[in-house]
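Enquirer: Here you go, sequence then predicted model.
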Amino acid sequence: MPCRKVLLRTGECYHVYNRGNNQQPIFFDRANYLFFLQRLRDYIVPKAAEILVYCLMPNHYHLLVRLNTDQFSDAMQSFGQSYTNAINKRYERVGSLFQGRFQAIHVDREEYLLHLSRYIHLNPVPSLVRRPEDWEFSSYREYIGQRHGTLPSCELILRQFRPPSSRAAADASARSAYRRFVGAGLGRPDSKIQHLLLEST
């Protein structure tokens, strides 16, 4: 297997992505999405990485992660194999589920985190849902305070919207500001992060 072009460094942030083999589905029902998220907890969080943002689509997934170890690639390989084995067993299928190993792009500026998080959260719009909060299988509901899940670590991004005030008021204000920021990106390609996106996403 050829060496990975992007060096994965502890403490750095990456846009991580993979799609189904031949662009076929990797999720077949709601239980698959939930199982995938549980496997992320089992294999990736918190030892290998923090999940800052995620979005699971029928035939691909996006993760925005901050690495906690130099063993992230090994953890992702184990994670992917575990999910593939479970899906193959359940649906009596054989062979690869994913199109090769995951891809990763280094996010080298904090400013890019905002724009990339918006891109990821808007991924289901408008092909699957009208509004990003209508898609169950992303971290957007946590970001705007509609759900209190513990998988995404929202602080790194939301703090960029937080005014210097009391924590409770600041959190509500930051979530509202983030929601407006995401809404402002509807239907508008974001030129700031073209280099952080993977083709045909």
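Expert: Great, that's in hand.

Enquirer: Send me stretch 59-75 as CSV with only the CA atoms.
Expert: As requested, the backbone C-alpha atoms of stretch 59-75 are provided in CSV (Å, rounded to 0.1, in the frame of the first residue of the first chain):
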residue,chain,number,x,y,z
ASN,A,59,-22.8,6.6,0.6
HIS,A,60,-20.1,8.6,2.4
TYR,A,61,-19.1,10.3,5.6
HIS,A,62,-17.3,13.4,6.7
LEU,A,63,-15.4,13.9,10.0
LEU,A,64,-13.6,16.9,11.2
VAL,A,65,-11.2,15.6,13.9
ARG,A,66,-8.3,16.8,16.1
LEU,A,67,-5.8,14.0,16.7
ASN,A,68,-4.9,12.8,20.2
THR,A,69,-2.4,10.2,19.1
ASP,A,70,0.0,9.2,16.3
GLN,A,71,-1.9,5.9,16.0
PHE,A,72,-5.0,7.5,14.5
SER,A,73,-4.5,5.8,11.1
ASP,A,74,-4.4,2.4,12.8
ALA,A,75,-7.5,3.2,14.9
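
Enquirer: Can you point out the buried residues in it?
Expert: 60-68, 72-73, 75 (16 or more other CB atoms under 10 Å). No exception for glycine: its C-beta is placed from N, CA and C like everyone else's.

Enquirer: what's the answer for stretch 36-53, then?
Expert: Buried, per 16+ other CB under 10 Å, within stretch 36-53: 36-37, 39-40, 43-45, 48-53.

Enquirer: And for stretch 8-27?
Expert: 8, 13-20, 26-27.

Enquirer: Ok, stretch 105-120 next?
Expert: Neighbour-count burial for stretch 105-120 [16+ other CB under 10 Å]: 105-107, 112-120.

Enquirer: again, but for stretch 126-146
Expert: Buried residues in stretch 126-146 (16+ other CB under 10 Å): 132-133, 135, 137-144.
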